[in-house]
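>>> task: produce atomic coordinates for the following.
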Amino acid sequence: MAGFVEKPEPIEVPGLTHLHTGKVRDLYRNEAGELVMVATDRISVYDWVLPTPIPDKGRILTQLSLWWFDRLTDIVPHHVVSTDLPAGAPADWAGRTMVCTPLEMVPVECVARGFLTGSGLAEYRESRTVCGLALPEGLVDGSELPAPLFTPATKADVGDHDENVPYEEVARRVGAETAAQLRRTTLDIYARARDVARDRGIILADTKFEFGFDGDRLVLADEVLTSDSSRFWPAEEWEPGHPQPSYDKQFVRDWLTSPTSGWDREGEQPPPELPQQVVEATRAKYAEAYERLTGTAWA
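Purely as a prediction, here's the structure:
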């Protein structure tokens, strides 16, 4: 059992049709047929969308995605048409809204891994592979991989886990030519972003992308290279052999699994509200990642 602790009602805006309420983003269609994506301050952990928002999180994710989109256009086009606020939209949507080209989405999460951690580490410990790809002996939590890996996954509904799948399954689902294009583009973006982040003192351990087609043109969609879609580690603290400090939801995870929260992750009760100090620390981490990567102070 998982999902929304409290599923929000969609905001009604004249001229917009609500399409979907996601873990973080609300999706609408405008009268021109374009998609309007609104990044909320919701946060999801352990397949639950928590009842406590993280202030400014949606704006930070949106502004960081836009910053990255601008730096990747020579590799792949993106789906953003405008960041103008739709007429009649709430003022709170400012800075967190993207008007986007509708795409035929590829039904695969395109994951790039440059370091061993997370579900990749769990698989490696069992079989010395990640998504079926063989790796050498002797790697530990946080080790840099010999070369970045394309490790795709199926995209899960709210409350479900994404599931790693072998490359052959991607080729079966979307065709060999598209699978090869997804792998090549994913690894090209990762290499660019890894180098940009490293120059700013951040290790990009892994990240996931979503793509769609506008006709026969592959387009980068959704968010990109944010703390929700990526593992960012401070380079000065990188030390393989144990979990690394990260610019993401770690304060939330740690508190929820601590005795202080009183929450049983394996039970059926939803997670409780977050205490203010956890909210503030998490917001600060999201803002710090934005500032270190962009070189711009978060207002």
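
>>> please count neighbours and contacts with C-alpha atoms only from this point.
Will do.

>>> list the buried residues in the lengthiest helix in the chain.
Ordering each helix of the chain by length in residues (DSSP state H) puts helix 176-199 first. If you call a residue buried by 16 or more other CA atoms under 10 Å, then helix 176-199 has these buried ones: 179, 182-183, 185-191, 193-194, 196-197.

>>> okay, the angle between the next helix-or-strand element following it and helix 176-199?
Sequence-wise, the next helix or strand downstream of helix 176-199 (DSSP states H and E) is strand 202-214. Following axes from the mean of the first three to the mean of the last three CA atoms, to 10 degrees, one obtains 150 degrees for the angle between strand 202-214 and helix 176-199.

>>> and the next helix or strand past strand 202-214?
strand 217-221.

>>> helix/strand/coil for the residue lying closest to I203 once chain neighbours are set aside?
Using CA to CA, 6 or more residues apart in numbering and skipping residues adjacent in sequence, the residue nearest I203 is W233, 5.0 Å away. Look at W233: counting by DSSP: H, G, I helix; E, B strand; the rest coil, its state is strand.

>>> mind starting the numbering at 26 from now?
Renumbered: residue one is now 26, and that last one reads W258.

>>> sorry, back to before: need the buried residues of helix 201-224 in CSV with distance to W280 and pLDDT, can you?
Listed next are the buried residues of helix 201-224 as CSV, based on distance: CA to CA, whole Å; pLDDT from 0 to 100:
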residue, distance to W280, pLDDT
A204, 39, 97
L207, 37, 98
R208, 36, 98
T210, 37, 98
T211, 33, 98
L212, 34, 98
D213, 36, 98
I214, 33, 98
Y215, 31, 98
A216, 33, 98
A218, 30, 98
R219, 29, 98
V221, 32, 98
A222, 28, 98
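
>>> hang on, the earlier thing: how many neighbours does the residue nearest to I228 have?
Neighbour count for W258, taken as other CA atoms under 10 Å: 22.

>>> contacts only, for it.
Listed by CA atoms under 8 Å, 6 or more residues apart in numbering, the contact partners of W258 are 227-230, 269-272.

>>> picking that back up, ok, so of the buried residues of helix 201-224, who is nearest L128?
Ranked by distance to L128 (CA to CA), those are led by L207 at 15.2 Å.

>>> got the contact list for that closest one?
L207 makes contacts with C135, as judged by CA under 8 Å, 6+ apart.

>>> which residues of the stretch 76-225 of the chain score low on pLDDT?
Residue ranges of the stretch 76-225 of the chain with pLDDT under 70: 181-186.

>>> for the chain, which segments count as helices?
Under DSSP H, the chain gives helices at 82-95, 143-152, 192-199, 201-224, 275-281, 301-319.

>>> so which of these is the most surrounded?
Mean neighbours per residue, mean count of other CA atoms under 10 Å, is largest over the helices of the chain for helix 82-95, with a mean of 20.

>>> what residues of stretch 39-49 count as buried?
Across stretch 39-49, burial judged by 16+ other CA under 10 Å covers 41-43, 46-49.

>>> including distance to A312, could the buried residues of helix 201-224 go into CSV?
Compiled in CSV, the buried residues of helix 201-224 are given as follows (distance: CA to CA, whole Å):
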residue, distance to A312
A204, 35
L207, 30
R208, 30
T210, 28
T211, 25
L212, 26
D213, 26
I214, 23
Y215, 22
A216, 23
A218, 18
R219, 19
V221, 18
A222, 15
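
>>> now, among these, which is nearest to T77?
T77 has its nearest neighbour among the buried residues of helix 201-224 in A222, at 29.7 Å by CA to CA.

>>> contacting residues for that closest one?
Contacts of A222 were listed using CA under 8 Å, 6+ apart, and they are 228-229, 318.
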